[in-house]
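>>> The following comprises the amino acid sequence and a computationally predicted model.
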Amino acid sequence: MLDKQSPVPMYVQIEEHLKRRIVQGEFEVGMAIPSERELTELFDVSRMTVRQSITNLVTEGLLYREKGRGTFVASPKVEQPLSGLTSFTEDMLSRGMEPSTKLVRFKKVVAELDIAQALQLAEGEEVFVVKRIRHADDKPMAIERSYLPVKIVPELNLDAVEGSVYSFIENHQLAISHATQSMEATLVKKEDAELLQISVPSAVLLIERMSYLTNGMPFEIVRSMYRADRYKFISEIRR
Ligand code: 16G
């Protein structure tokens, strides 16, 4: 099954073999792949070699490990276009996934200096601080920390933050216009890893979005941490 004379390392050949079986649908999403011991026997290689292949496929997001249970085929990553200004709720519904939210924090505070400056607030003005874990089909996808000026959305409530903040805004005679967004890679902190149900160390995508209403007022700053094993951002570029 493997070509031992090939210059392609064994662990790469095993990776390709397993990938092929996943792509061809022989190993379905959520299904366990054979154990390390079985693969060691099947390919007649060392356990180290098998482990290396599996680790690479886990890093790529094709497989995931569950302690004491085995290694399973992961669902394909969510492909998120970087073009429209959409909400998490819209993004998940448009894919036929069920969005849900676990609220971690929702309170009104006097804005810290940097947040106040970015949101064009005077000293002492208040913001809502919202920390949410966003789920798709009951799986945690991202942690979002948002800051919204109280004077723009004074009636922001539990129903809105547990549902869609963008719908709430648009149902209150406010029109969302555009946003600026940055994205960087970072390593997840321990407390966030627990909320996202991923291990430490894991890479996550940190996205910062600053969004504006059509009247030019900034209405939110959001710092989101997306699971890099579940998300892929796509942009179209033209020459
Ligand atoms: C998205 C936005 C976030 C926005 C949220 C509103 C990114 C990186 N972030 O998650 O800025 O606050 O949607 O979602 O896309 P909601 O309307 O479902 O509450």
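Yes, it's here. All values derive from a computational prediction rather than experimental measurement.

>>> Tell me the residues of the chain that contact the ligand?
87-89, 144, 146, 164-167, 207, 209, 220, 222, 224 (Cβ under 6 Å from any ligand atom). The C-beta positions use only the backbone N, C-alpha and C, and glycine is treated the same way.

>>> Now tell me what touches the regular element (helix or strand) spanning Thr59 from outside.
Element membership for Thr59, per DSSP states H and E: helix 47-60. Contacting residues not belonging to helix 47-60 are listed as 10-12, 14-15, 18-19, 33, 36-37, 39-40, 43, 63-65, 71 [Cβ atoms under 8 Å, 6 or more residues apart in numbering].

>>> Any chance of a PyMOL selection covering the buried ones in those?
Applying 16 or more other Cβ atoms under 10 Å to these, the buried members can be selected in PyMOL as follows:
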select buried, resi 10+11+14+15+18+19+33+36+39+40+43+63+64+71
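
>>> Show only the entries of the contacts of helix 47-60 found in helices.
Under the assignment DSSP state H, those contribute 10-12, 14-15, 18-19, 36-37, 39-40, 43 to helices.

>>> For this protein, just list every one of the helices.
Counting by DSSP H, the helices of the chain are 10-23, 36-43, 47-60, 88-94, 113-118, 158-162, 165-170, 190-196.

>>> And the last one, what's buried?
By neighbour count, with 16+ other Cβ under 10 Å as the criterion, the buried positions of helix 190-196 are 192-193, 195-196.
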